[in-house]
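Enquirer: Provided below are the primary sequence and the corresponding predicted coordinates.
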10 protein chains.
Amino acid sequence: MQRADLTEKLLDIKREKGWSWAHICQTIGGSSPVLVTAAILGQMKLTKPQVAEAVRLFGLSEAEGRLLNEAPYRGSCPMPPTDPLVYRFYELVMVYGTTWKELIQEEFGDGIMSAIDFDFELEREPDPKGDRVKITMSGKFLPYKYYGATGNNPTLGYKEE
Amino acid sequence: MQRADLTEKLLDIKREKGWSWAHICQTIGGSSPVLVTAAILGQMKLTKPQVAEAVRLFGLSEAEGRLLNEAPYRGSCPMPPTDPLVYRFYELVMVYGTTWKELIQEEFGDGIMSAIDFDFELEREPDPKGDRVKITMSGKFLPYKYYGATGNNPTLGYKEE
Amino acid sequence: MQRADLTEKLLDIKREKGWSWAHICQTIGGSSPVLVTAAILGQMKLTKPQVAEAVRLFGLSEAEGRLLNEAPYRGSCPMPPTDPLVYRFYELVMVYGTTWKELIQEEFGDGIMSAIDFDFELEREPDPKGDRVKITMSGKFLPYKYYGATGNNPTLGYKEE
Amino acid sequence: MQRADLTEKLLDIKREKGWSWAHICQTIGGSSPVLVTAAILGQMKLTKPQVAEAVRLFGLSEAEGRLLNEAPYRGSCPMPPTDPLVYRFYELVMVYGTTWKELIQEEFGDGIMSAIDFDFELEREPDPKGDRVKITMSGKFLPYKYYGATGNNPTLGYKEE
Amino acid sequence: MQRADLTEKLLDIKREKGWSWAHICQTIGGSSPVLVTAAILGQMKLTKPQVAEAVRLFGLSEAEGRLLNEAPYRGSCPMPPTDPLVYRFYELVMVYGTTWKELIQEEFGDGIMSAIDFDFELEREPDPKGDRVKITMSGKFLPYKYYGATGNNPTLGYKEE
Amino acid sequence: MQRADLTEKLLDIKREKGWSWAHICQTIGGSSPVLVTAAILGQMKLTKPQVAEAVRLFGLSEAEGRLLNEAPYRGSCPMPPTDPLVYRFYELVMVYGTTWKELIQEEFGDGIMSAIDFDFELEREPDPKGDRVKITMSGKFLPYKYYGATGNNPTLGYKEE
Amino acid sequence: MQRADLTEKLLDIKREKGWSWAHICQTIGGSSPVLVTAAILGQMKLTKPQVAEAVRLFGLSEAEGRLLNEAPYRGSCPMPPTDPLVYRFYELVMVYGTTWKELIQEEFGDGIMSAIDFDFELEREPDPKGDRVKITMSGKFLPYKYYGATGNNPTLGYKEE
Amino acid sequence: MQRADLTEKLLDIKREKGWSWAHICQTIGGSSPVLVTAAILGQMKLTKPQVAEAVRLFGLSEAEGRLLNEAPYRGSCPMPPTDPLVYRFYELVMVYGTTWKELIQEEFGDGIMSAIDFDFELEREPDPKGDRVKITMSGKFLPYKYYGATGNNPTLGYKEE
Amino acid sequence: MQRADLTEKLLDIKREKGWSWAHICQTIGGSSPVLVTAAILGQMKLTKPQVAEAVRLFGLSEAEGRLLNEAPYRGSCPMPPTDPLVYRFYELVMVYGTTWKELIQEEFGDGIMSAIDFDFELEREPDPKGDRVKITMSGKFLPYKYYGATGNNPTLGYKEE
Amino acid sequence: MQRADLTEKLLDIKREKGWSWAHICQTIGGSSPVLVTAAILGQMKLTKPQVAEAVRLFGLSEAEGRLLNEAPYRGSCPMPPTDPLVYRFYELVMVYGTTWKELIQEEFGDGIMSAIDFDFELEREPDPKGDRVKITMSGKFLPYKYYGATGNNPTLGYKEE
């Protein structure tokens, strides 16, 4: 059983039952809707208590539940994305990538924003000219470590750069 | 004169003068630091009043100023990005792309978040476990229009979907 | 059930019944033939009233109808297109892309023509030297917004560029 | 001398003089603005009378004029386009390509819309909700020829398909 | 039913019956062997009278016959071709492409050789040093049209270039 | 000195002098126009007597002449070709590649048409509906050799297949 | 039936029976082990007498035997090869490709080593520091032919280059 | 000034002076040889005290020193790497990637090994059968965070998975 | 039977039984866990004694066991890897590839670290700031051999470089 | 100074002097012509005694000589190769890759033929039907090592597989 087959099965059940993502995420609970939806789509794992809820909701076998508890081989779509909604995010990276790099590094020093210790929220922002999609992301800044020649002892802290 | 050559010249001056992006953006003013930085990096245009400030700050010729007022052929980096900081954003699109699609479309209907009518803010979020990069994005939702057979008259509104 | 499987089923029924696209689009109604055809081919959604007609016409299950009401993951063909008819449009973009950019931006300023708020009509143009394919497209112009540092308040209007 | 170098020179002069495309196209004349602009950008040739005007306007050498009269090796931008304005056209091909194929072939039979015997017009369409880019394209329909076994004598006309 | 599945079925029957392409093309008739073979391989359509012969020869269903009458989504092999015979043609394009462009354009002006209004013949050319494959191709020359600003009226003929 | 630089120099001279390919090929002589043009474009070598003529015609240095006598690293254009004239040949390979394979192999057995022992002629074919580009190619058929286990002694001839 | 399916079937039988390639090649006979193995793997054809042996050995149907007698669409693995053993050969081409070109052309003139009229032998070369894989390849040299303007009559022989 | 130009200059000086990497890394000091070498090659930054040493050693201008203190746009070689030494590491990722994923995730849970908080040591391991390259890498394990619906408060710890 | 199908079957059994990799590797034994895991994932072979254990543990057929004893066509994941854990290793190669090349070659001379005679160990390194993944790799250094013109006799040893 | 620039300089001198590769390789001596030619083309290093000869022959500076003594970043041509002579080798890998894998592994076990400890000879093989290019390659077989769980101690020898 491939994770992709399980994803297709879960989407079939969602469609047949007429469930919304809100309903599924509320029932499974335990983490943000983004993470639960991503897990159903095969991109994140569900924790064990979440799996128990998912098994009950979707009527899954024990093996299917265990598959939902595994860290999947991630990658949800072809790149560049062919779907316009997903592509717009890709375009933002292509156009603003070097800008974000300059500004984050001026503020934080040499390093990256983590895509792992990362949180994401999605809201509707009412606007008379047309409602807006508001996205709030927060990722831990991870500085490049400048380890010394003797191994793991960082001999130069970030301040000294 | 290619825009890329002008970008290289501006970065050389920035380095020689020891200016920060904050200094450049404050001096040029008129829009958010993300937009001003992106323009210096060759991804956005500066408006005419901004160009006047940039010409003064960097000591540019009139033709160089006009080039900064042109909408550039956008695309700031190779894709997939080879730089780790930029790549993490690319990875977020690859992993969460289908999730964002599902949740945005459940909330707003069939359409996209605009990457054109789009605002972006970057902040430092202090955190005892390590400061975080906080990003707030807001893009207008643009619904797919279901035009009728007689031309531009939308015969089916979004509500009726 | 994947959308591609449903598309194949619908095309099989169309072929067996000997229906034309004109017949299908007229029966389903509610939007232009381009949009209805695109939905049958898995690139657009049908609205609920359209789904009801499609279910009746093709004899579909309720779940199949719901799938037609979902916004699909778009992308109808490999790129570059291998089919000559589709490739000619790709070639037009490759050859005239920068020309369209220059002329649209000279007329409208920095921004894009929307591919979402977009209408498309196709006509036969009789011509003694050989009939012509006439295509009329109309997409809303979306200007890049130059938001200020304080957030969503556009401090610089398009006129001032 | 490469055509790309000449293009860069012409754009430099345009910028220094502060000319619009409208001014350049009107001065050179002889064909539609799309074709003149495309020629300046290195994608089309200018005819000899047009070259004479261009040489006068831009102050070119005779060899530069002759280069403008040569059919260039076409291809104006990388594919997929990285610029958002150009990408939206690419996206239209990717999303609607198979739809256009179905509808054009139902109307005209097996063949293509020519990208060579092709005309293109661009207009501003005023709209209270935001002006629109109106594009009218007209390309000759070229039917696949079903030549017989004896050589060039088409034994089966389009009607008989 | 996908066209590729039908192609596989037809090749299975051809193999089981031990038929040659010559036999199939002669039986179906109506156009050149290249076109009939291409249709069996899923790259061209058969006209209605040809379909009738093909249905009889291969024992096909009515729906399969109709599929053979549809214009397929063309593209017969991966590019670059991995098969040596097909690759040699690809190599000819790669090596001689710019040469053909120069010579065709010197003779005919700016335009292309049509790949749609196109005929192809294949012969064995006996040669004591080893027989040769003789290929004769004939494609209509299509000149780029230099339409004027007022629309479809060509204001500049080919002669005046 | 790269061959590409020499090619650019030769094309500059051709343009300044206003020479046609016909003039250049006639002056250099010794092989078909296709081969001479290909050599000027950096895809073939000129033989020593041809080099002598080319040196005289273009006023080249001895080293430049020797470069023209070297077998170049071939490959005249990016693939897929972005230029429409060259692309049409590429398209023919993509659409008809498997057809040509089937028909050549039915006639000649397992093998290829040589792209090395290969001749190419280009003619204008007058036609009231529009002149045609007539291309005649002739390549030696090279059968796959089925060498025996004892080394180079072919134990199975082509006839026995 | 696709050739790839037949290949998989033959490998399954080989595994179940515990046969070596040596056993299979000896039983089928008639050409070198490289050619017989390549045919079983779907890259070469077997001649008719070889097919008879293969049908007996593997217990194949008549249609399966005929498929083995067809020239396959060649291409045995993705490129670049992901398997280390196959990749090393690819690496040799990448590193030494231009060297081989220089040396072969200095010795033989402008042309290629045929990959069609080609023989290949593989031996174990005992060596106290570790046995070696010894490969002997022999391909016919094919000179580029410099055909004259009058057609197929080569007016310049290789000696005169 | 591009970082790549500075890298070339530094390598030229290294070659002219006949310096080893060991000499350069010892002189610049402050972090491990891997990091100093990577900085000279344009992949890492040098800290300010290191820059002072590098400026003295190589005789650089102040602006060149500042460039060495900037976080570069990383990416040292084309991918897949064409150089055999670098390719072997790429191959290890391709062959063992999924294995490492399984074993790291079984030991640590869902997450990654950081490539940012990362240390690397290289040693010669004497071996009578041929010395070995010993590499020790140590990267911080970063668990995927399962943030709750209320924002940044992690409601599910790693242990509870 | 494809190796990928067997891999999927083995992972299904592992999931149903709730086995860990540690349990599987301990049961099969005979080589390091990395090698056993890689074999189960289709990237290495199991030796015959290991196959016997695997057949017993997983309840496999004799043919399935033999398949596990075959050297697979290696390549475990798409490149670039879409999964973040695997990608981090790819990133290390992209960023540090040229650095490793310089340092390994300064220490060992011209050659590579073998990816075949290669050992890999994975450990948890406890760290109060967050445990670390410690990886120890050891690959035999393979010097490029500078063979003389008379064949396999190396006339220049490594020392003499 | 880039290695590619030095390569171009060396080829310019070779052309101006009218030297053959045979002359260059004989003068530099010390290893096989393949290795010397590859070094001149920027793919191998010359040893110090060879560098001394090369410096004398080509009249190089000391720094240029040192560059010839450096192990280059290898990769001599784009892949797939666009030049027909080089492509034929690529084609051999693509067509016979899996065959070589099967036969080498049946004879030697799981492992590879080294592309590093590798020798290559090129000869003309006279043949009345056309001379042949004879290539003899010999690479050390490198078996995959099956290291045990305790580290570098190989607990399973190759014989026991």
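Expert: Arrived safely.
Enquirer: in a strand, that's where A:Glu121 is, yeah?
Expert: Yes: A:Glu121 forms part of a strand when assessed by DSSP: H, G, I helix; E, B strand; the rest coil.
Enquirer: which residues touch the closest residue to chain I within chain A?
Expert: Relative to chain I, the nearest point of chain A is A:Gly75 (2.7 Å; Cβ to the nearest Cβ). For glycine as for every other residue, the C-beta is placed from the backbone atoms N, C-alpha and C. Listed by Cβ atoms under 8 Å, 6 or more residues apart in numbering or on different chains, the contact set of A:Gly75 reads A:Gln43, B:Met94, B:Val95, I:Pro78, I:Thr82, I:Asp83.
Enquirer: look up how far B:Met94 lies from the first one.
Expert: To B:Met94, A:Gln43 is 9 Å away according to Cβ to Cβ, to the nearest Å.
Enquirer: thinking again about what came up before, ok so the residue of chain A closest to chain I is a strand residue?
Expert: No: secondary structure of A:Gly75 (three-state DSSP): coil, not part of a strand.
Enquirer: low-scoring stretches of chain A, by residue?
Expert: A:149-161 (pLDDT under 70).
Enquirer: which parts of it are strands?
Expert: Along chain A, counting by DSSP state E, strands occupy A:111-125, A:132-143.
Enquirer: OK, now which residue of chain A is nearest to chain F?
Expert: A:Pro80 (17.4 Å).
Enquirer: can you list the buried residues in stretch A:63-83?
Expert: Across stretch A:63-83, burial judged by 16 or more other Cβ atoms under 10 Å in any protein chain shown covers A:64-69, A:71-77, A:79-83.
Enquirer: give me the subset of those lying in helices.
Expert: A:Glu64, A:Gly65, A:Arg66, A:Leu67, A:Leu68 (DSSP state H).
Enquirer: gap between the closest residue to chain C within chain A and I:Lys145?
Expert: Residue of chain A nearest chain C, by Cβ to the nearest Cβ: A:Thr82 (2.7 Å). In this view, A:Thr82 and I:Lys145 are 48 Å apart by Cβ to Cβ.
Enquirer: ok, A:Gly75 next?
Expert: Distance from A:Gly75 to I:Lys145, by Cβ to Cβ: 41 Å.
Enquirer: domains of chain A?
Expert: Following automatic domain parsing, one gets these domains for chain A: A:3-68, A:84-144.
Enquirer: how about the shortest one, does it get close to chain C?
Expert: Yes: looking at domain A:84-144 against chain C by Cβ under 8 Å from any Cβ of the partner chain, the contacts come from A:Pro84, A:Leu85, A:Arg132.
Enquirer: mind listing what the first one touches?
Expert: With Cβ under 8 Å, 6+ apart as the criterion, the residues that contact A:Pro84 are B:Ile112, C:Arg74, C:Ala115, C:Ile116, D:Glu91, D:Val95.
Enquirer: could you dump these to CSV with distance to C:Arg124?
Expert: What follows is the contacts of A:Pro84, written out as CSV (distance: Cβ to Cβ, whole Å):
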residue, distance to C:Arg124
B:Ile112, 32
C:Arg74, 27
C:Ala115, 25
C:Ile116, 27
D:Glu91, 26
D:Val95, 23
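Enquirer: looking at those residues, spot the one nearest chain E.
Expert: Among those, and counting by Cβ to the nearest Cβ, the member closest to chain E is D:Val95, at 15.4 Å.
Enquirer: okay, now that closest one: neighbour count?
Expert: Neighbour count for D:Val95, taken as other Cβ atoms under 10 Å in any protein chain shown: 23.
Enquirer: is it true that it touches C:Leu35?
Expert: No: between D:Val95 and C:Leu35 there is no contact under Cβ atoms under 8 Å: 11.2 Å.
Enquirer: sorry, back to before: what touches both of A:Gln43 and B:Met94?
Expert: A:Arg74, A:Gly75, A:Ser76.
Enquirer: mind putting those into JSON lines with distance to J:Ser20?
Expert: Below are the shared contacts of A:Gln43 and B:Met94 laid out as JSON lines (distance: Cβ to Cβ, whole Å):
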{"residue": "A:Arg74", "distance to J:Ser20": "56"}
{"residue": "A:Gly75", "distance to J:Ser20": "53"}
{"residue": "A:Ser76", "distance to J:Ser20": "58"}
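Enquirer: filter the contacts of A:Gly75 down to the ones near chain J?
Expert: Within those, nothing lies near chain J by Cβ under 8 Å from any Cβ.
Enquirer: show me the two of the residues you listed that sit farthest apart.
Expert: Largest separation among those by Cβ to Cβ: A:Gln43 and I:Pro78, giving 15.6 Å.
Enquirer: residues from chain A in reach of chain I?
Expert: So far as Cβ under 8 Å from any Cβ goes, chain A lies against chain I at A:1-2, A:62-63, A:66-67, A:70-71, A:73-75, A:79, A:115-116.
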